[in-house]
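# Provided below for reference: sequence and predicted model.
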Amino acid sequence: MGAIIIDGKRIAAEVRAELRPRIEALKEAGVTPGLAAIIVGDNPSSVLYVKMKSQASEEMGLHSVTIALPADASESRVLGEVHRLNEDPTIHGILVQQPLPPHVSTGKAVASVSPAKDVDCFHPENVGLVLIGTPRFAPATPAGVVELLIRSGNDPGGKHVVILGRSNIVGKPLAALLMQKARGANATVTVCHSATEDLPVITRTADILVAAIGQPEFVSVSMVRPGAVVIDVGINRVPDATKKQGFRTVGDVRFGEVSEVASAITPVPGGVGPMTIAMLLQNTVHAAEASVGR
């Protein structure tokens, strides 16, 4: 018996629908939520993500700005653009697309974003607020994972959640969200990584397994306890001569075999990806509301 597919597109559409009346209320008050992205260079994945963000913003009636800088743009120029957006009253959310070129400090870039406009939730102040359980914003991808679990009927409360990956973008903030005494949390969380010994032994103890390790089809059926819920955050390109573009997109999970034993699973694409965009929009609307005291 195959797993239930957790439809990220459908759930993201639910989140967007709930945002529409909030956006309309802001516009009636003379405020159009504004989201700006700074992208440095032409990394294909980054270009695609920023394009999707811009399209989603426009579809929702948000003010969308994309600042595309050449790969050799100086660090001072990047920081200058951030400062300008910090001071722009029409912009309520700012994201500095990662990865950045080696000569631009990611730490400096994310710390230069005003915490009140840091809708990606990378600023140290906002990271700290997430950790202590009083978030200004919830990081987009981890928040998307939480919403997927809640809205698909897989509340993590009381469950053992194993997270594969300890990145600052997914693994660490997701662990922080799930361990809180809050809606969609109250989980017992284990974070695994490249130095974890006997990894399959640990992953097989998971009620909910979140794969965010950045390795294509890393999670095999032998790593999953029958009946577990599997959330695949990975998005990887692997060569495929049968495809027109020469590659296909896969997650961090071997979907075909794992879906035979899991009780529920997210596909790639169409799972966590749409939720990341939806939660970014939600954070931007929240930032706009906060700017007018709502």
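Arrived safely, thanks for sending.
# need the contact list for the nearest residue to residue 275 once chain neighbours are set aside.
Nearest residue to residue 275 in three dimensions, chain neighbours excluded: residue 144, at 2.9 Å (C-beta to C-beta, 6 or more residues apart in numbering). In short, each C-beta sits where N, CA and C put it, glycine included. Applying C-beta atoms under 8 Å, 6 or more residues apart in numbering to residue 144 gives the contacts 8, 12, 272, 275, 276, 278, 279.
# hey, which helix or strand in this structure has the poorest pLDDT?
Within the chain, no helix or strand scores below strand 236-239, which has a mean of 86 by mean pLDDT, DSSP states H and E.
# which helices and strands does the next helix or strand after it pack with?
Stepping forward along the backbone from strand 236-239, the first helix or strand reached (DSSP states H and E) is strand 247-250. Here strand 247-250 touches strand 236-239, going by 3 or more C-beta pairs under 8 Å, 6 or more residues apart in numbering; DSSP states H and E.
# about what we covered before: so which of the contacts of residue 144 comes closest to residue 103?
Looking at the contacts of residue 144 and their distance to residue 103, the nearest is residue 276, at 27.1 Å (C-beta to C-beta).
# And residue 70, how far from residue 251?
To residue 251, residue 70 is 32 Å away according to C-beta to C-beta, to the nearest Å.
# Equivalent analysis for residue 225, please.
In this view, residue 225 and residue 251 are 19 Å apart by C-beta to C-beta.
# cool, residue 32 as well?
35 Å.
# those helices in the stretch 1-150 of the chain, which residues are they?
In the stretch 1-150 of the chain, the helices defined using DSSP state H, counting those that start in this stretch lie at 8-28, 44-59, 75-86, 106-112, 124-131, 140-151.
# quick one on the thing from earlier: among residue 32 and residue 251, which residue is more densely surrounded?
residue 251 (29 against 13; other C-beta atoms under 10 Å).
# Verify the stated contact: that one with residue 232.
Yes. In this structure, residue 251 is within contact of residue 232 by C-beta atoms under 8 Å, at 3.7 Å.
# Overlap in contacts, those two.
Contact criterion C-beta under 8 Å, 6+ apart; residues shared by residue 251 and residue 232: 211, 266, 267, 268, 271.
# Nearest spatial neighbour of residue 199, chain-adjacent residues omitted?
Closest residue in space to residue 199, ignoring its immediate chain neighbours: residue 192 at 5.9 Å, by C-beta to C-beta, 6+ apart.
# What's opposite that neighbour in the beta bridge?
Beta bridges link residue 192 to residue 164, judged by DSSP bridges.
# Could you measure from it over to residue 148?
With distances taken as C-beta to C-beta, residue 192 is found 20 Å from residue 148.
# of the two, who's got more company?
For residue 192 versus residue 148, the count of surrounding residues by other C-beta under 10 Å is larger for residue 148: 24 against 21.
# In contact with that one: list those residues for me.
Here residue 148 is in contact with 6, 8, 11, 231, 266, 271, 272, 275 (criterion: C-beta under 8 Å, 6+ apart).
# tell me which of the residues you listed is nearest to residue 163?
Looking across the contacts of residue 148 and measuring by C-beta to C-beta, the closest to residue 163 is residue 231, at 9.2 Å.
# The closest one: what's it in contact with?
Applying C-beta under 8 Å, 6+ apart, we find residue 231 in contact with 6, 145, 148, 149, 208, 209, 210, 211, 265, 266, 271, 272.
# Just give the nearest non-adjacent residue to the residue most central in space within the chain, would you?
With distances taken as C-alpha atoms, centre = their mean, the residue of the chain nearest its centroid is residue 141 (1.6 Å). Excluding the flanking residues, the one nearest residue 141 by C-beta to C-beta, 6+ apart is residue 276, at 4.7 Å.
# what do you get for residue 234?
Using C-beta to C-beta, 6+ apart and skipping residues adjacent in sequence, the residue nearest residue 234 is residue 252, 3.0 Å away.
# Around that neighbour, how many other residues sit close by?
Count around residue 252 with other C-beta under 10 Å applied: 25.
# Surely it and residue 238 touch.
No. With contact defined as C-beta under 8 Å, residue 252 does not reach residue 238; the gap is 11.7 Å.
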